[in-house]
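Chemist: Take a look and give me a structure for this.
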Amino acid sequence: MTSRYRVTSVADVHEEGGWVFTVRDEHGGDEEVLLVPCEDGVEAWVNRCTHEAQRLYREGVGAVVRNGEVVCPKHGSMFDTCSGHCDNGEAADTTLVDVDITVEDGQVYLTDDDVRYLHDGLKQDDEDDGGPSSTSHIQF
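Modeler: Next comes the predicted model:
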């Protein structure tokens, strides 16, 4: 039987441009999940670039989503919000790791049996994610 946990609403994800929450996997490790708008719905991806362990959604910034793509802040690779596929930059020809969700009546539910919801927001640790500083050279 699939368990489900209400995370947020589709409207909130679309309004914010992204939503992040933390789960615990079957091995006891904590992982961040990024919800992003996909057409009228929402998709869920592990909050990590496939090229390096770089957060796509960052504290105080959120996720940078442009023209239906999530932009990695470190090297600029862009991932399609609906498919998770990247066709450019350092992460070219890779796809983000998906997390099972269900959208019902405008609400987003975590339905992935391999993880358990912990809390909204990023992992609560002091790790530096190696992201770019305020002097980053990424331009749009």
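Chemist: show me where this protein has strands.
Modeler: 5-9, 19-25, 30-38, 41-46, 57-58, 62-63, 65-66, 69-71, 78-80, 85-86, 94-95, 101-104, 107-110, 115-120 (DSSP state E).
Chemist: Let's have these in a markdown table, adding mean pLDDT and mean neighbour count.
Modeler: Backbone N, C-alpha and C define where each C-beta goes, glycine included. Putting the strands of the chain into a markdown table (pLDDT from 0 to 100; neighbours: other C-beta atoms under 10 Å) gives the following:
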| stretch | mean pLDDT | mean neighbour count |
| --- | --- | --- |
| strand 5-9 | 98 | 16 |
| strand 19-25 | 97 | 20 |
| strand 30-38 | 98 | 22 |
| strand 41-46 | 98 | 22 |
| strand 57-58 | 95 | 21 |
| strand 62-63 | 94 | 19 |
| strand 65-66 | 94 | 16 |
| strand 69-71 | 96 | 22 |
| strand 78-80 | 98 | 22 |
| strand 85-86 | 98 | 20 |
| strand 94-95 | 98 | 15 |
| strand 101-104 | 97 | 15 |
| strand 107-110 | 98 | 20 |
| strand 115-120 | 97 | 15 |
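Chemist: residue contacts, the residue nearest in space to the middle of the chain?
Modeler: The centroid of the chain falls nearest to Leu34 when counting by C-alpha atoms, centre = their mean (2.1 Å). Leu34 makes contacts with Gly18, Trp19, Val20, Ala44, Trp45, Val46, Asn47, Leu56, Tyr57, Ala63, Val70, as judged by C-beta atoms under 8 Å, 6 or more residues apart in numbering.
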